[in-house]
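In: sharing a model prediction with you, sequence too.
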Amino acid sequence: MGLKIAIVILFIGVVISLFTGLTFLVKDQGDSKKRQWYALGVRVVLAGSLLALIAYGIQTGQLQFGAPWDRHKLEPIENSEPDVGR
């Protein structure tokens with residue numbers, strides 16, 4: 001559960017950094033773009049951390065592919081042998 005909370009926090013940080021960069025773009029018209037580069041750097045670090053955390057969660061099995069309503073997860077497997085030739 002802690003991994004999912006960390007992923008949500010990082011995602012929110014990326015979105016906040018995106019809008020901060022947009023604010024700097026609008027406010028700094030013609031001035032030095034140093035604050036935009038800083039916001040971009042923060043966004044890149046947060047996005048890289050987010051991707052690394054998702055990869056770690058998938059690798060350790062804490063995160064899984066698929067939705068909870070997938071058919072193969074809801075239906076029990078009755079027979080492990082394939083129906084070949086019947």
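Out: Great, that's in hand. Numbers count the residues shown, from 1 in each chain.
In: going forward, measure contacts and count neighbours with C-alpha atoms only.
Out: Noted.
In: mean confidence score for whichever strand or helix holds Thr20?
Out: According to DSSP states H and E, Thr20 maps onto helix 2-27. Helix 2-27 shows a mean pLDDT of 92.
In: now stretch 45-56
Out: Mean predicted lDDT for stretch 45-56 stands at 96.
In: got the buried residues for it?
Out: Neighbour-count burial for stretch 45-56 flags 46-47, 50, 53-54 (criterion: 16 or more other C-alpha atoms under 10 Å).
In: swap in stretch 18-33?
Out: 18, 20-21, 24.
In: what residues does it touch?
Out: Stretch 18-33 is contacted by residues 35-36, 39-40, 43 when judged by C-alpha atoms under 8 Å, 6 or more residues apart in numbering.
In: any idea how far that stretch is from the middle of the chain?
Out: 26 Å (C-alpha atoms, centre = their mean, to the nearest Å).
In: try stretch 44-62
Out: Stretch 44-62 sits 7 Å away from the centroid of its parent chain (C-alpha atoms, centre = their mean).
In: before we move on, back to that, which strands or helices does the helix or strand that comes right after the helix holding Thr20 pack on?
Out: Later in the chain than helix 2-27, the nearest helix or strand by DSSP H and E is helix 34-60. Applying 3 or more C-alpha pairs under 8 Å, 6 or more residues apart in numbering; DSSP states H and E, we find helix 34-60 packed against helix 2-27.
In: the helix it packs on to helix 34-60, inter-axis angle?
Out: Here helix 2-27 runs at an angle of 160 degrees relative to helix 34-60 (axes from the mean of the first three to the mean of the last three C-alpha atoms, to 10 degrees).
In: and helix 2-27, how far from the chain's centre?
Out: Taking C-alpha atoms, centre = their mean, one finds the center of helix 2-27 at 12 Å from the center of the full chain.
In: nearest to Phe65 among the buried residues of stretch 18-33?
Out: Phe65 lies nearest to Leu18 out of the buried residues of stretch 18-33, by C-alpha to C-alpha, at 27.4 Å.
In: distance of that closest one from Ser49?
Out: Between Leu18 and Ser49 the distance is 15 Å, computed by C-alpha to C-alpha, to the nearest Å.
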